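Engineer: Give me the fold of what follows.
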Amino acid sequence: MSDENKGIAPEPATNSARKRWLSIAAGVFVLIGAAYGSYWALVLRYDQSTDDAYVSGNVVQITPQIAGTVVKIAADDTQFVKAGDTLVELDPADAKIALEQADARLAKTVREVRGLFATTAQLKAAVDVRNADVARATEDLNRRQRLAASGAVSGEELQHARDALTSARAAQVAAQQELAATEARTDRTAVASHPDVLAAAAQVHDAYLDVARTQLPAPVSGFVAKRSVQLGQRVAPGATLMAIVPLDQVWVDANFKEPQLATMRIGQSVTLKADLYGNKIAYHGTVSGFGAGTGSAFSLLPAQNATGNWIKIVQRVPVRIALDPQELALHPLQIGLSMQVDIDTHQRDGVRLPQQTKPATAYRTDVYDSVDATAAQRIRSIIAANGQLNAKSDTTATASLRTPKRAATDTTAPARHVAAGPQSQIR
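Structural biologist: Coordinates of the predicted model:
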């Protein structure tokens with residue numbers, strides 16, 4: 001009897017312990033659920049993330065503006081170059097000959113225009129002579145007409161005086177017309193501002209630019225990529241020779257699904273991690289813009305959904321994210337690297353797609369600016385060496401030869417100027 005009681009007595013205690021553990025487990029699960037619910041309500045529902053994100057950036061193509069034969073390549077793939085460094089040189093022989101011919105035409109034109117001004121002064125003197133001839137012929141005719149009444153002068157002599165006056169007046173008109181024709185070519189102008197000189201100067205400027213363009217500078221600082229040019233290659237204008245990638249200006253294009261876009265706004269904070277560095281390195285940035293369409297809409301072969309066997313596919317829209325420049329300098333990224341992106345959507349002020357415009361130029365380079373200034377100085381030197389410039393003509397020449405600075409066809413550092421490299425003097 002006592003043995004049976006010993007086997008049955010612990011059963012109530014065992015059930016009680018089991019219930020207690022079940023209650024504890026249920027409480028833990030409730031606490032975990034409540035904690036997760038609170039975390040979701042406060043954090044997770046405001047977080048939009050994707051791993052379909054990649055580093056993007058400007059790829060500045062180096063293309064020649066004139067045709068030529070490559071005689072020097074000063075940079076290769078993976079090398080870093082500074083803005084203004086010469087990357088490729090073309091054979092300048094033909095361009096230099098054309099420049100020398102343009103110089104000679106400008107010098108000849110200046111001397112011809114000087115001749116026009118000298119001819120004008122000569123014709124003015126000729127008009128004065130003709131005016132004096134008319135005055136003398138008029139006086140002779142008047143004197144003979146007074147004497148003709150007394151019979152001291154014959155009728156024939158009087159007629160000769162009339163003919164002489166008519167001839168003198170005709171010569172006077174011819175001289176005045178010739179002077180007017182010459183003055184029409186020099187009126188209200190000087191040697192340096194004469195249209196013929198300006199046309200010849202423009203030819204010199206064009207020829208000088210062709211010589212300067214035989215050297216292809218780097219418009220931005222960055223790494224050389226995709227070099228395809230070879231020595232001795234005959235290149236045409238617009239052919240891609242290589243590319244420069246400024247890795248200090250990269251951004252991230254994150255492709256989010258359609259349902260994730262509703263709460264996103266420009267300016268929201270972003271946390272990013274690169275597969276290159278892992279979770280130990282975190283980048284911070286901001287949403288700077290949204291794509292105008294889905295990736296499939298701008299693909300080479302857009303999807304055609306007007307078919308019977310249609311399957312709905314969730315589309316993705318690229319979202320551009322600007323990175324912190326200081327973090328980017330400490331941990332550089334390369335174009336195409338994968339990123340993990342998390343956007344905090346707490347701040348939802350404003351419209352989803354604001355129509356923002358930037359008044360300032362986003363990209364600019366000034367490595368080409370010194371070419372125009374040097375060409376203008378060359379023209380002024382030729383004019384001064386072949387003409388007689390006074391203060392007025394020199395001022396007019398300077399104003400007429402001043403040309404606007406050109407903008408770069410390619411991209412450079414955003415919202416700042418790139419330091420111009422040294423421009424070689426072409427002699």
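Engineer: which residues are contacting the helix or strand harbouring residue 317?
Structural biologist: If you go by DSSP states H and E, residue 317 is part of strand 316-323. For strand 316-323, the surrounding residues in contact (CB atoms under 8 Å, 6 or more residues apart in numbering) are 52-53, 250-258, 261, 264, 270, 272, 283-291, 293-295, 333, 341, 343. (Glycine included, C-beta is placed from N, CA and C.)
Engineer: Swap in 6 Å and give it another go.
Structural biologist: Strand 316-323 is contacted by residues 251-257, 261, 270, 283, 285-286, 288-291, 294-295 when judged by CB atoms under 6 Å, 6 or more residues apart in numbering.
Engineer: List only buried entries from these.
Structural biologist: The neighbour count (16 or more other CB atoms under 10 Å) marks 251-256, 261, 270, 283, 285, 288, 290-291, 294 as buried among those.
Engineer: Let me know the closest of the residues you listed to residue 347.
Structural biologist: residue 270 (11.8 Å; CB to CB).
Engineer: contacting residues around the residue nearest to that closest one when sequence neighbours are not counted?
Structural biologist: The shortest distance from residue 270 to any non-neighbouring residue, by CB to CB, 6 or more residues apart in numbering, is to residue 285 (4.6 Å). Contact analysis of residue 285 by CB under 6 Å, 6+ apart lists 270, 321-323.
Engineer: go again using 8 Å as the cut-off
Structural biologist: Residue 285 neighbours (CB under 8 Å, 6+ apart): 252, 269-270, 272, 321-324.
Engineer: Now the two most distant members of these.
Structural biologist: 252 and 269 (13.5 Å).
Engineer: what's the following helix or strand after the helix ranked longest in the chain?
Structural biologist: In the chain, with assignment by DSSP state H, the single longest helix is helix 93-148. Along the chain past helix 93-148, the next helix or strand (assigned with DSSP H and E) turns out to be helix 155-186.
Engineer: what's the angle from that following helix to helix 93-148?
Structural biologist: Put simply, helix 155-186 runs at 150 degrees to helix 93-148, going by axes from the mean of the first three to the mean of the last three CA atoms, to 10 degrees.
Engineer: and the strand holding residue 317, which strands flank it?
Structural biologist: In the sheet, strand 316-323 lines up against strand 251-257 (antiparallel), strand 283-290 (antiparallel) (DSSP bridges).
Engineer: This protein: strands as residue ranges?
Structural biologist: Taking DSSP state E as the criterion, the chain contains strands spanning 47-56, 60-62, 68-73, 80-81, 86-90, 215-217, 222-225, 234-235, 242-245, 251-257, 269-274, 283-290, 316-323, 338-344.
Engineer: how about those, which one is nearest residue 355?
Structural biologist: strand 283-290 (11.5 Å).
Engineer: how many other residues sit next to residue 341?
Structural biologist: Burial of residue 341 is recorded as 24 neighbouring residues (other CB atoms under 10 Å).
Engineer: so it touches residue 253, yeah?
Structural biologist: No - counting by CB atoms under 8 Å, residue 341 sits too far from residue 253 to count as a contact (9.7 Å).
Engineer: for the strands of the chain, which one sits closest to residue 110?
Structural biologist: strand 215-217 (29.0 Å).
Engineer: Give me the contacts around the closest one.
Structural biologist: 62, 64, 83-90, 241, 367-368, 421, 424.
Engineer: I'd like the distance between residue 254 and residue 327.
Structural biologist: To residue 327, residue 254 is 17 Å away according to CB to CB, to the nearest Å.
Engineer: Which residues in stretch 101-111 does the neighbour count mark as buried?
Structural biologist: The neighbour-count check on stretch 101-111 (16+ other CB under 10 Å) flags 102-103, 105-107, 109-110 as buried.
Engineer: what do you get for stretch 346-361?
Structural biologist: Of the residues in stretch 346-361, none is buried (16+ other CB under 10 Å).
Engineer: and that stretch, what's its mean pLDDT?
Structural biologist: Mean pLDDT, computed over stretch 346-361, is 78.
Engineer: Could you check how far that stretch is from the centre of its chain?
Structural biologist: What separates the centre of stretch 346-361 from the centre of its chain is 25 Å, taken as CA atoms, centre = their mean, to the nearest Å.
Engineer: same question, stretch 216-233
Structural biologist: Mean-position distance between stretch 216-233 and its chain equals 18 Å (CA atoms, centre = their mean).
Engineer: Next: stretch 329-346.
Structural biologist: How far stretch 329-346 lies from its chain's middle: 28 Å, per CA atoms, centre = their mean.
Engineer: Give me the contact list for it.
Structural biologist: Under CB under 8 Å, 6+ apart, the answer for stretch 329-346 is 46-51, 53-57, 59, 245, 247-248, 250, 252, 254, 263-265, 268-277, 281, 283, 287, 319, 321, 323.
Engineer: Give me the buried entries from those.
Structural biologist: 46, 48, 50, 53, 55-57, 245, 247, 250, 252, 254, 263-265, 268, 270, 272-274, 283, 287, 319, 321, 323.
Engineer: so where's this protein shaky on pLDDT?
Structural biologist: Low-confidence segments of the chain (pLDDT under 70): 1-12, 36, 38-44, 149, 151-153, 158, 359-361, 388-427.
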